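Chemist: got a structure for you, letters missing:
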């Protein structure tokens, strides 16, 4: 399956718009078994997740450690296989990857869905120049001739704000912000429909973070690539995403369009999460209502019965402690999993 | 010691003209250059900067500690009428445990993993306050209860790995305030914690510091936390303080282009959403190749010809607010009006 120059040109153009969702996820679960013998336990990292991403959408998944946001990203990128649920990419069911036919599917999936990591060094081979890393990604997907790959690698590096000469340097020679640009260039090289970015700015210094956030936003606008942005940084999610999904211990607590979620959070967890994030303005900060949650996050190995948030929720009742609420649609294209919303 | 050089009583700790260097393969890295700083009793000072700005080196130097192969090439650190840098190791140890205590980013690495919490918290109480074992245990229980730990007796018997990150950080804070230190240094104390836990820890630090009148030096890169917690801010860039002043004034009318850029580059979870984040292009210069003039010159939107050749001194812009910038020294009128309006 060699592709032609024609493909290369298409990839630099905006993506075509279809009505069919790019990605539909239904009842996704990912359970890990940890320990053995008497210490054997099942971590229910993702425990029934529904998600729809349309072409060109930017969806954010937020939550604290152990909420399952990173695992969700890895499963959707094809780096882990799910333990349950359905993943439909562009109308086609994603199948189990153990069969021969599906390996080709998986390669095509990896071309369509690319990932950016918190630590860009994790996705760049330290022993080869960064330009080669991009060429390699194209070669794996059998895109273009060697000359075309090289030209495309240079063009991509320039597109993310680096110079052509930098293609011959090694990852260690770059700053954190530059490496993340290279990670983005490499993810975009194969012309994906969806880029899953897992905490892409968390390891960067404040003064560099805005550069990378702006770059991702420009690329989304110019190329029409959909982004799934996974982060604990609520403020950056607010700035970047059209829709936000709030996770807690493997479940979706609330899902809403950006404006609605930040202006009027419905779920008590979302309210507490937003109140906990300090705003960089001492005057507003002094006037904000403070909801300080007590207690620690429960372990995802033994999530509380009923609503998973019930152990920390200021509004919890007996119903919450026994019966898990379903994610229920609300007016305005949003949904929340709370008995009292 | 020259009596005239001693601090006025309300100053808890003071640094004068401090410079710290670390040898590297590329020559000396000037981690801290000519920094002067003082913190009054009961005051909360935030030291803000990105990695390599010198904020952590400076905070360690406040305890008379220079990590690794570093050397103090100049300056004094005055604590309770003593220049810490002139003390012998035994005197320094005594001064440190009683008058100055520290909470680090990762409580996992600052607690001894093979000793129970009880042994770790009781030892300093006995050494510095001369308490009996029983009295020290009693005091430890009381301190742990004050930090909001749900079961102090069980925590006391535990080993560090049996506690969550938030609980370990509470233990660290209990240990730090145990001897009622004059100065409490907190170096990114919440960076490793989830945002709802971070809110609890910041509230705890606020409460304990107000109750005990300790000066708190809070090292962070999070402007939101500064706005929530601090009275005064010192912004560091490439080893120097480029601006400092009351938090309200600095946030309302930042005088250094770096401070302005930082504040404009951070999105927030509420308030108006900017069309585009203001970004500071480039990255800080290596500490081995600091320019003769202002280290921010290559990234500065307001740079003048003299900025690359001559180091600007900190000059007062408003009462208590100083900035080191040639360009804004004369054109900050509108900002001043914004503040006084």
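Modeler: Now that the structure is in, tell me what you want to look at. Just so we're clear, the structure is a prediction, and the values are computed from it rather than from any experiment. Residues are numbered from 1 along each chain as shown, chains lettered A, B, ... in the order given.

Chemist: Residue ranges in the stretch 1-150 of chain A under the pLDDT threshold?
Modeler: Residues of the stretch 1-150 of chain A meeting the criterion pLDDT under 70: A:1-18, A:95-104.

Chemist: And chain B, by the same measure?
Modeler: If you take pLDDT under 70 as the line, chain B has these spans: B:1-9, B:107, B:330-341.

Chemist: Would you map the strands across it?
Modeler: B:11-22, B:29-40, B:44-48, B:71-79, B:82-83, B:100-103, B:183-187, B:215-220, B:232-237, B:240-246, B:315-318, B:321-323 (DSSP state E).

Chemist: Okay, the closest residue to residue B:153 other than its chain neighbours and chain A: tell me how far apart.
Modeler: Spatial nearest neighbour of residue B:153, excluding adjacent residues (Cβ to Cβ, 6 or more residues apart in numbering or on different chains): residue B:141 at 6.5 Å. Glycine gets a C-beta too; all of them are placed from N, C-alpha and C. To chain A, residue B:141 is 20 Å away according to Cβ to the nearest Cβ, to the nearest Å.

Chemist: Including distance to residue A:71, could the strands of chain B go into a markdown table?
Modeler: Below are the strands of chain B laid out as a markdown table (distance: least, Cβ to Cβ, whole Å):
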| stretch | distance to residue A:71 |
| --- | --- |
| strand B:11-22 | 40 |
| strand B:29-40 | 39 |
| strand B:44-48 | 34 |
| strand B:71-79 | 46 |
| strand B:82-83 | 53 |
| strand B:100-103 | 31 |
| strand B:183-187 | 31 |
| strand B:215-220 | 29 |
| strand B:232-237 | 37 |
| strand B:240-246 | 42 |
| strand B:315-318 | 49 |
| strand B:321-323 | 46 |
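
Chemist: Distance to chain A and mean neighbour count added to these, as a markdown table?
Modeler: Shown next, in a markdown table, are the strands of chain B (distance: least, Cβ to the nearest Cβ, whole Å; neighbours: other Cβ atoms under 10 Å in any protein chain shown):
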| stretch | distance to chain A | mean neighbour count |
| --- | --- | --- |
| strand B:11-22 | 19 | 20 |
| strand B:29-40 | 16 | 21 |
| strand B:44-48 | 9 | 26 |
| strand B:71-79 | 26 | 18 |
| strand B:82-83 | 33 | 18 |
| strand B:100-103 | 18 | 24 |
| strand B:183-187 | 15 | 24 |
| strand B:215-220 | 10 | 26 |
| strand B:232-237 | 9 | 26 |
| strand B:240-246 | 9 | 24 |
| strand B:315-318 | 15 | 17 |
| strand B:321-323 | 14 | 23 |
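
Chemist: Looking at those, which is nearest to residue A:43?
Modeler: strand B:100-103 (30.3 Å; Cβ to Cβ).

Chemist: Chain A - how does it break down into domains?
Modeler: A:5-241, A:267-341 (automatic domain parsing).

Chemist: Now for residue B:70: which residues touch it?
Modeler: By Cβ atoms under 8 Å, 6 or more residues apart in numbering or on different chains, the residues touching residue B:70 are B:20, B:21, B:22, B:31, B:57.

Chemist: Equivalent analysis for residue A:26, please.
Modeler: A:50, A:85, A:86, A:88.

Chemist: picking that back up, max pairwise distance over the contacts of residue B:70: which two?
Modeler: Most distant of these, by Cβ to Cβ, are B:21 and B:57, 9.8 Å apart.

Chemist: list the residues that contact both of the two?
Modeler: With Cβ under 8 Å, 6+ apart as the test, residue B:21 and residue B:57 both reach B:31, B:70.

Chemist: What is the burial count for residue A:23?
Modeler: 24 (other Cβ atoms under 10 Å in any protein chain shown).

Chemist: can you list the residues of the stretch 201-341 of chain A near chain B?
Modeler: When proximity is defined as Cβ under 8 Å from any Cβ of the partner chain, the stretch 201-341 of chain A approaches chain B at A:205-211, A:213-214, A:217, A:232, A:234-236, A:238-239, A:262, A:272-285, A:288, A:290, A:292-297, A:312.

Chemist: The same query, at a cut-off of 6 Å, please.
Modeler: Contacts of the stretch 201-341 of chain A with chain B, taken as Cβ under 6 Å from any Cβ of the partner chain, map to A:205-207, A:210-211, A:213-214, A:234-236, A:238-239, A:274, A:276-282, A:285, A:292-293, A:296.
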